[in-house]
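J.: only geometry, no sequence info:
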């Protein structure tokens with residue numbers, strides 16, 4: 001580690017870091033989503049607004065900070081929580097500038113590559129929606145900065161703050177536990193004698209535990225029976241299981257070995273796809289350079305890179321699948337952050353090499369080369385900003401807001417709507433969007449929404465029994481009919497087509513374009529007249545083959561619904577047209593939705 005900078009230099013670095021924050025924050029504000037988006041966004045917004053308990057491990061730090069952002073007197077509740085991601089994304093980039101400049105001592109290179117990360121597609125995408133990942137990267141950069149400050153000044157206070165914030169980071173995302181051996185190794189590389197300093201180690205442990213106490217939020221809200229309560233967590237055993245993610249049971253290093261190779265390949269392809277082709281080789285050169293010049297930081301950065309890529313892939317049970325691949329891309333953000341530091345290291349080395357090479361030449365030649373080098377350097381983040389702006393700009397994204405608002409409005413007064421979960425990211429979007437509309441915006445209070453996880457346990461009369469989850473996917477669909485006796489005379493809707501193959505009682509459903517109303521028989525459905533709810537959905541026409549996985553899935557779901565509606569209206573051409581549109585967007589052709597539509601069509605046309 002190089003000598004500490006003079007006070008004037010430190011002030012310049014701080015001002016430049018502030019400039020980085022302002023620049024990045026300005027772009028993020030212009031591209032910030034105005035409302036709910038796909039996947040977990042709606043759930044996290046609802047949890048923050050209601051002080052609820054979201055999916056495992058509960059993310060209590062995120063929820064509490066999100067609640068603070070809901071008090072901002074601007075925009076919608078959803079926009080305010082989205083804003084939190086933008087703030088922590090911009091803070092991450094500002095801290096990355098400070099870290100990079102500490103390592104390479106080149107402000108322009110550090111400035112350029114901090115913006116390089118800011119405007120990369122995956123990091124930018126997570127900075128304009130409600131998600132936990134920019135808070136995670138902010139805490140990681142803060143931890144790294146504290147370790148570098150400790151290495152530079154050798155004051156125990158930095159280690160004590162590090163221990164506290166490390167414990168705190170685990171209350172945002174438990175994946176940070178993977179970095180424990182990396183941090184420990186780095187500290188030992190700097191000072192092996194520290195293992196003999198038991199008073200310091202004890203203080204660090206106690207402060208680490210103090211950071212973890214934020215998890216008591218889950219115990220408190222479980223005891224208070226929060227309005228939004230994942231799976232009805234009701235005792236301390238449930239809370240511990242929630243924190244440990246036992247519901248997922250996804251820790252399995254020895255399974256799917258071949259499938260995990262596909263994820264490794266996909267990880268490196270993600271690097272190529274969102275950066276540029278020479279990135280891997282240049283980054284490797286930067287890592288080698290750091291190995292020779294700054295061995296301790298090489299250990300730290302390489303550990304972060306490997307544990308947040310190959311470590312995640314091989315410690316979890318999943319092999320390659322389209323949904324897994326899409327989900328994992330955000331887990332790699334710490335690895336991408338390290339990659340930008342390696343890139344900045346090799347570029348700083350190349351600049352020093354050019355400066356030495358032209359030192360003996362004429363000044364004018366050196367100045368021309370220097371200007372060209374800086375122009376190319378600054379063009380990198382600008383090119384990323386231009387190239388990724390349209391894809392990451394969610395300032396006019398209303399697709400799933402309109403879709404689920406329309407869905408609820410399409411239901412008859414005093415209806416019951418049952419939403420079955422199929423395990424897809426589109427299924428997550430549906431569940432969580434309905435939770436948002438009912439618990440945050442209070443849309444259609446006359447409609448009861450019933451979920452398989454009993455999310456609306458405080459407001460609905462109908463609860464799904466625990467043994468329901470021991471059934472197969474299709475048998476769960478059949479079991480719901482045993483609960484219909486509790487519905488009595490109320491209109492009952494589902495989010496999937498009910499066919500004669502789905503049940504043994506002859507029930508059949510009729511589509512209204514968004515949902516399916518149930519009837520006691522196919523004949524009753526054919527005699528019924530269900531109005532078509534034709535309100536528009538913004539951004540729907542923009543969804544195509546290049547759209548992200550959950551957006552394409554939701555659009556496909558809508559087109560399947562339209563195909564069913566036009567089929568029942570006798571408009572076979574429109575039905576076929578929408579079926580083709582659905583099939584083209586369906587991320588899993590021959591999925592359960594496609595097969596169910598085929599059953600639905602056979603049943604409906606059986607007596608024509």
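T.: Alright, I've got the coordinates. Only a predicted model underlies this, so the values are computations on that prediction, with no experimental measurement involved. Numbers count the residues shown, from 1 in each chain.
J.: so residue 458, which of the three states?
T.: Here residue 458 is coil, with the state taken from DSSP: H, G, I helix; E, B strand; the rest coil.
J.: element containing the closest residue to it other than its chain neighbours, please.
T.: Leaving out its chain neighbours, the residue that sits closest to residue 458 by CB to CB, 6 or more residues apart in numbering is residue 227, at 6.1 Å. From N, CA and C alone the C-beta is placed, and that goes for glycine too. Assigned by DSSP states H and E, residue 227 falls within no helix or strand.
J.: Please tell me I have it right and residue 227 contacts residue 50.
T.: Yes - counting by CB atoms under 8 Å, residue 227 touches residue 50, with 4.6 Å between them.
J.: How about the contacts made by the most centrally placed residue in the chain?
T.: Nearest residue to the geometric centre of the chain (CA atoms, centre = their mean): residue 131, 5.1 Å. Going by CB atoms under 8 Å, 6 or more residues apart in numbering, residue 131 touches 40, 41, 44, 85, 330.
J.: Go again with 7 Å.
T.: 40, 41, 44, 85 (CB atoms under 7 Å, 6 or more residues apart in numbering).
J.: Likewise for residue 277?
T.: Residue 277 neighbours (CB under 7 Å, 6+ apart): none.
J.: Mind checking what secondary structure it has?
T.: What three-state DSSP gives for residue 277 is coil.
J.: mind checking how far it is from residue 268?
T.: Per CB to CB, to the nearest Å, residue 277 is found 12 Å from residue 268.
J.: same thing with residue 512?
T.: Residue 512 is 46 Å from residue 268, by CB to CB.
J.: neighbour count winner among those two?
T.: Neighbours per residue, other CB atoms under 10 Å: of residue 512 and residue 268, the larger number sits with residue 512, 22 against 12.
J.: Let me know the next secondary structure element after the worst-scoring helix or strand of the chain on mean pLDDT.
T.: Taking mean pLDDT, DSSP states H and E as the measure, the chain has helix 473-479 as its least confident helix or strand, at a mean of 71. For helix 473-479, the following helix or strand on the C-terminal side (DSSP H and E) is strand 492-494.
J.: Show me what the next helix or strand after that following strand is packed against.
T.: Scanning forward in sequence from strand 492-494 by DSSP H and E, the next helix or strand is strand 508-511. Strand 508-511 sits against strand 516-519, helix 522-527, helix 549-568, with contacts defined as 3 or more CB pairs under 7 Å, 6 or more residues apart in numbering; DSSP states H and E.
J.: Can you tell me which of those is nearest to residue 420?
T.: Counting by CB to CB, residue 420 lies closest to strand 516-519 out of these; the figure is 10.9 Å.
J.: and the closest residue to residue 120 other than its chain neighbours, how far is that from residue 137?
T.: Excluding the flanking residues, the one nearest residue 120 by CB to CB, 6+ apart is residue 274, at 5.3 Å. Distance, residue 274 to residue 137, by CB to CB: 15 Å.
J.: Neighbour count: the two, which is higher?
T.: For residue 274 versus residue 137, neighbours defined as other CB under 10 Å are more numerous around residue 137 (25 against 20).
J.: Name the helix or strand for the more buried one, please.
T.: Residue 137 belongs to helix 133-153 when assigned by DSSP H and E.
J.: following that helix, which helix or strand comes up?
T.: Scanning forward in sequence from helix 133-153 by DSSP H and E, the next helix or strand is helix 156-169.
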